[in-house]
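Colleague: I would like the atomic coordinates for the input below:
(one chain, ligands or ions: 1)
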Amino acid sequence: MEYFFNFNKLGYLKEKKSKRCILCAIVEGSNDVDRLIVYESEHIIVSLNLYPYNPGHLLLIPRRHLTDIRQMSVEERASMDELTRQCLDHLDKVFKPSGYNIGYNQGLAAGGSIEHLHLHIIPRYQNEIGIAELIGGKKVLVQNPLETLRLLRQEFAAQGEHDKKGR
Ligand SMILES: [Zn+2]
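Modeller: Below is the predicted model of the structure:
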């Protein structure tokens, strides 16, 4: 169910005045942000984006404060790769997007507004709202992020049950 949703009314979008890394705060489970976490593995955390570009916009965040993909360990890269696959499966099922943008914005000049390394997974839809309207307006056409969170957590939990039983 999609409807016009006003981001300014969301409690979690507080102005961050501190110098503290917002993604480290998510990793550490700060009260402001921990309810956006969809799934956690040993090395990587899957979170909804604070400012989703589209319904189901996810961030895959290494627990360590890395700033360059070359700093990732073998285990972190393997986990990132596996979780990317799982996220696409779950997003396919929940949102049925037409495509995805998947990637890193590394460095401020590349549009990386947060230094802490993170992979964007952005579902794309045939009839989505234009980027200009999204950036310019206060209202954007998205699902309530808390509903997105609930649906994707369900999918990861169901997968966990499936994995335990063996494939
Ligand atoms: Zn950080």
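
Colleague: Residue ranges in the chain under the pLDDT threshold?
Modeller: Scanning the chain for pLDDT under 70 picks out the ranges 1-18, 32-34, 127, 129-143, 166-167.

Colleague: and it, which of its residues are near the ion?
Modeller: 21, 23-24, 65, 116 (CB under 5 Å from the ion). Yep, even glycine has a C-beta here, placed from its N, CA and C like the rest.

Colleague: ok, those vs Glu128, which is closest?
Modeller: Leu23 (25.7 Å; CB to CB).

Colleague: Now do the same contact list for the closest one.
Modeller: For Leu23, the contact set (CB atoms under 8 Å, 6 or more residues apart in numbering) comprises 59, 61, 65, 114, 116, 118.

Colleague: Can you name the residues bridging to the most centrally placed residue in the chain?
Modeller: Nearest residue to the geometric centre of the chain (CA atoms, centre = their mean): Leu58, 2.0 Å. Residues in a beta bridge with Leu58, per DSSP bridges, are Leu48, Ile121.

Colleague: just checking, it touches Cys87?
Modeller: Yes. If you go by CB atoms under 8 Å, Leu58 and Cys87 touch, sitting 5.6 Å apart.

Colleague: what residues are shared contacts of the two?
Modeller: Joint contacts of Leu58 and Cys87 (CB under 8 Å, 6+ apart) are 46, 121.

Colleague: before we move on, the earlier item: format the contacts of Leu23 as TSV; extra columns: secondary structure, neighbour count and distance to Arg77.
Modeller: Formatted as TSV, the contacts of Leu23 follow (DSSP: H, G, I helix; E, B strand; the rest coil; neighbours: other CB atoms under 10 Å; distance: CB to CB, whole Å):
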residue	secondary structure	neighbour count	distance to Arg77
Leu59	strand	22	17
Ile61	strand	25	14
His65	coil	14	17
Ile114	coil	16	20
His116	coil	19	16
His118	coil	22	14
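
Colleague: before we move on, the earlier item: pull the most distant pair out of the residues of the chain next to the ion.
Modeller: So, the residues of the chain next to the ion by CB to CB: farthest apart are Leu23 and His65, at 7.6 Å.

Colleague: Are there residues contacting both of the two? Which ones?
Modeller: His116.

Colleague: Okay then, goodbye and thanks.
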